[in-house]
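1. Sequence below, structure please.
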Amino acid sequence: MSWTDERVETLKRMWAEGQSASAIAKELGGVTRNAVIGKVHRLGLSNRNEDEAPAAAAPAPEPAPQPEKKQAAAKPAPQPEPEPAAEPEPAPQPAAFTPVPRRPVMTAGQPLPPQPSANEISPETLASAREVEKRARKLTLMELTERTCKWPIGDPATDKFWFCGLPSAAGKPYCETHVSVAFQPMSSRRDRRR
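-> Take a look at the predicted model:
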């Protein structure tokens, strides 16, 4: 169906008469109510008060706009009815705030809490890591390069803290021994948990 000039004029006339979109669709035939509403919006006819307002602007008192104002005033009357239904909804109050307990703040000289990963590492790997740490270069943070092992050794809060400093494995931040400690295969981790 196409909107011919004749059909558009019929739509404008019926819309100005106050006919519903369903009645206009029935009269035109071959269109739906939504198609009529869409065409009304595209033509700028969507607000019937606006359509008659320019005609009423030339002659000052015209009786046609007054009944429409009454209709517009009558339309808000049903609106207060849903409002009382909306009032009970705010009744549930929000849940009270429950503060989350904070972790204790670590200060210098305190021992670090036990690390769960250290308990999962095999004793052989830990023994070889301790041997490597005995012959570590004991570098400071400023002495580290791309080719040195960046494994931290000791307590950072004390003077007895350094980095391994041995040559790092290709593409890794640590030496071979510390790579075996840091990056363990998934299957061996699963086996230890059982």
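2. Which parts of the chain belong to which domain?
-> 5-75, 118-193 (automatic domain parsing).
3. Contact partners for L28?
-> Remark: with contacts taken as C-beta atoms under 8 Å, 6 or more residues apart in numbering, L28 is in contact with 7, 10-11, 36. Just so you know, the C-beta spots here come from the backbone N, C-alpha and C atoms, and that holds for glycine as well.
4. quick one on the thing from earlier: switch the domains of the chain over to a markdown table; also include distance to P99.
-> Formatted as a markdown table, these follow (distance: least, C-beta to C-beta, whole Å):
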| stretch | distance to P99 |
| --- | --- |
| domain 5-75 | 50 |
| domain 118-193 | 29 |
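5. May I see these organised as TSV, with mean pLDDT added?
-> What follows is the domains of the chain, written out as TSV (pLDDT from 0 to 100):
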stretch	mean pLDDT
domain 5-75	74
domain 118-193	82
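6. I'd like to know which of the ones you listed is closest to P101.
-> Of all the domains of the chain, domain 118-193 sits nearest to P101, with 23.8 Å by C-beta to C-beta.
7. Out of the contacts of L28, which end up buried?
-> For the contacts of L28, a neighbour count by 16 or more other C-beta atoms under 10 Å gives the buried set as 7, 11, 36.
8. This structure: strands as residue ranges?
-> Listed in chain order, the strands found in the chain under DSSP state E are 152-154, 161-163.
9. Can you give me the buried ones in the last one?
-> Read it as strand 161-163. Residues of strand 161-163 classed as buried under the neighbour-count rule (16+ other C-beta under 10 Å) are 162-163.
10. where exactly do the helices run in this structure?
-> Along the chain, the stretches classed as helices by DSSP state H are 5-16, 21-28, 33-43, 48-57, 65-74, 82-86, 116-120, 123-134, 176-182, 186-193.
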